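*Asks:* generate a structure from the sequence data that follows.
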Amino acid sequence: QVQLVESGGGLVQAGGSLTLSCTASGRTFSSYVMGWFRQAPGKEYEFVGAASWSGGSTNYGDSVKGRFTVSRDNAKNTVYLQMNSLKPEDTAVYYCAVGGRYGSIWKIREDEYDYWGQGTQVTVSS
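*Replies:* Model prediction:
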């Protein structure tokens, strides 16, 4: 049974940093694109970022470029989201998701990702 578990969310002041982790179990995703999405209350899912199977290539949503970094440790079956210079508008539930095998990091729709975690809340206070 495939399971993705996010951790690291919490409450942070504007300008602060947080690092989210997402660990997969049930199978190895070292050859899959791994992505992060977020959903704020009353809003649709928003693509945050994705990393290629090797982690050598990344793609980010416009609203987080230059502030967020996606990385992965395939030996640990874990993907990370480093978030810096956080803003109140970054407040959302953050989800990790599995994309295609050796797939494209340029896929940014949530229906292009298969397995999803349960999400972790990030709240940025002003």
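*Asks:* can you give me the strands for the chain?
*Replies:* For the chain, strands defined by DSSP state E occupy the ranges 3-7, 10-13, 18-25, 32-39, 46-51, 58-60, 68-73, 78-83, 92-101, 120-125.
*Asks:* tell me which of these sits nearest to residue 109.
*Replies:* Among these, strand 46-51 comes nearest to residue 109, with 7.5 Å by C-beta to C-beta. Yep, even glycine has a C-beta here, placed from its N, CA and C like the rest.
*Asks:* and the closest one, which strands flank it?
*Replies:* Strand 46-51 has these partner strands in its sheet, going by DSSP bridges: strand 32-39 (antiparallel), strand 58-60 (antiparallel).
*Asks:* can you redo these as a markdown table with mean neighbour count and mean pLDDT?
*Replies:* A markdown table is the format used below for the strands paired with strand 46-51 (neighbours: other C-beta atoms under 10 Å; pLDDT from 0 to 100):
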| stretch | mean neighbour count | mean pLDDT |
| --- | --- | --- |
| strand 32-39 | 25 | 97 |
| strand 58-60 | 18 | 98 |
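*Asks:* distance to residue 113 added to the strands of the chain, as CSV?
*Replies:* Putting these into CSV (distance: least, C-beta to C-beta, whole Å) gives the following:
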stretch, distance to residue 113
strand 3-7, 11
strand 10-13, 24
strand 18-25, 12
strand 32-39, 6
strand 46-51, 9
strand 58-60, 13
strand 68-73, 13
strand 78-83, 12
strand 92-101, 4
strand 120-125, 17
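*Asks:* next, the buried residues of stretch 15-29.
*Replies:* Using 16 or more other C-beta atoms under 10 Å as the test for burial, stretch 15-29 gives 18, 20-24, 29.
*Asks:* centre-most residue in this structure?
*Replies:* The centroid of the chain falls nearest to residue 36 when counting by C-alpha atoms, centre = their mean (2.3 Å).
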